[in-house]
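Asker: Below are the sequence and a predicted model for it; my questions follow.
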Amino acid sequence: MRNLMILRHGKSDWDSSALDDHSRPLASRGVRSARAVGRAIADYGISPEIVVSSTATRARSTAELVIEAGGLDASLHLEDRLYGASVNETLTVVAEYGKSANRVLIVGHQPTWSMTIRHLTGGTVAVRTATLADVELPIDTWDAVPRASGTLVALLQPRMLLTKEDNG
């Protein structure tokens, strides 16, 4: 059994219009949300061994903040192919990095994330910024993930995790 955790990057800063899409940073709300997701991962005891993130600034920053806030003992890998990836490309990346890990977290973008969840579970999920989906897969190795059919076992959205103090 393996778990694939799929996390959309936190809210980005659209005021940084002088930057290209790949370089857009997180907005303050995105930073708060990423930290809340990291704490929730630790609190629920669902820590990944490996985190693979898109190289886009907002995705990379989300991954780093999740690891830091959750005190996760996970290796972080930055992967160019996750920026603008298809579902098949995404699952190929997961298979390559997963190796012996039981739980892998990928951090990236819409619309691929909702399409990946649908591919793996058959279900439709609203993947807003900083939404985390945890998909349980009845596979023995990550090589089987492109053909796997799993179950959505958790869906965490930032509004469920943030307190009034967190929201400033």
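Answerer: Now that the structure is in, tell me what you want to look at.
Asker: and the end-to-end length of stretch 50-62?
Answerer: Distance between the two ends of stretch 50-62: 15 Å, counting by CA to CA, to the nearest Å.
Asker: Buried residues, that stretch. List them.
Answerer: If you call a residue buried by 16 or more other CB atoms under 10 Å, then stretch 50-62 has these buried ones: 50-54, 56-62. The way it works is simple: take the backbone N, C-alpha and C, and place the C-beta from them, glycine included.
Asker: Going by distance to residue 42, which of these wins?
Answerer: residue 51 (13.3 Å; CB to CB).
Asker: Show me what the strand or helix carrying that closest one is packed up against.
Answerer: Taking DSSP states H and E as the definition, residue 51 sits inside strand 50-54. Using 3 or more CB pairs under 8 Å, 6 or more residues apart in numbering; DSSP states H and E, the elements in contact with strand 50-54 are helix 57-70, strand 75-79, helix 87-98, strand 103-108.
Asker: Determine which stretch of these is the most buried.
Answerer: Comparing the helices and strands packed on strand 50-54 by mean neighbour count (mean count of other CB atoms under 10 Å), strand 103-108 ranks first with a mean of 27.
Asker: Tell me the strands beside it, with direction?
Answerer: strand 2-8 (parallel), strand 50-54 (parallel) (DSSP bridges).
Asker: now that strand: how far from the chain's centre is it?
Answerer: Centroid separation for strand 103-108 versus its chain: 5 Å, with CA atoms, centre = their mean, to the nearest Å.
Asker: Likewise for stretch 69-78?
Answerer: 12 Å.
Asker: The nearest residue to residue 80 once chain neighbours are set aside: what's it in contact with?
Answerer: Once flanking residues are discounted, residue 80 sits nearest to residue 55: 5.1 Å by CB to CB, 6 or more residues apart in numbering. By CB atoms under 8 Å, 6 or more residues apart in numbering, the residues touching residue 55 are 22, 78-80, 82-83.
Asker: In those residues, find the pair that's most separated.
Answerer: Farthest pair in the contacts of residue 55, by CB to CB: 22 and 79, 13.2 Å.
Asker: Show me what the nearest residue to residue 106 once chain neighbours are set aside bridges to in the sheet.
Answerer: The shortest distance from residue 106 to any non-neighbouring residue, by CB to CB, 6+ apart, is to residue 52 (5.1 Å). Counting by DSSP bridges, residue 52 is bridged to residue 77, residue 106.
Asker: Pretty sure residue 52 sits against residue 101.
Answerer: No: Residue 52 lies out of contact with residue 101 (CB atoms under 8 Å); the separation is 10.2 Å.
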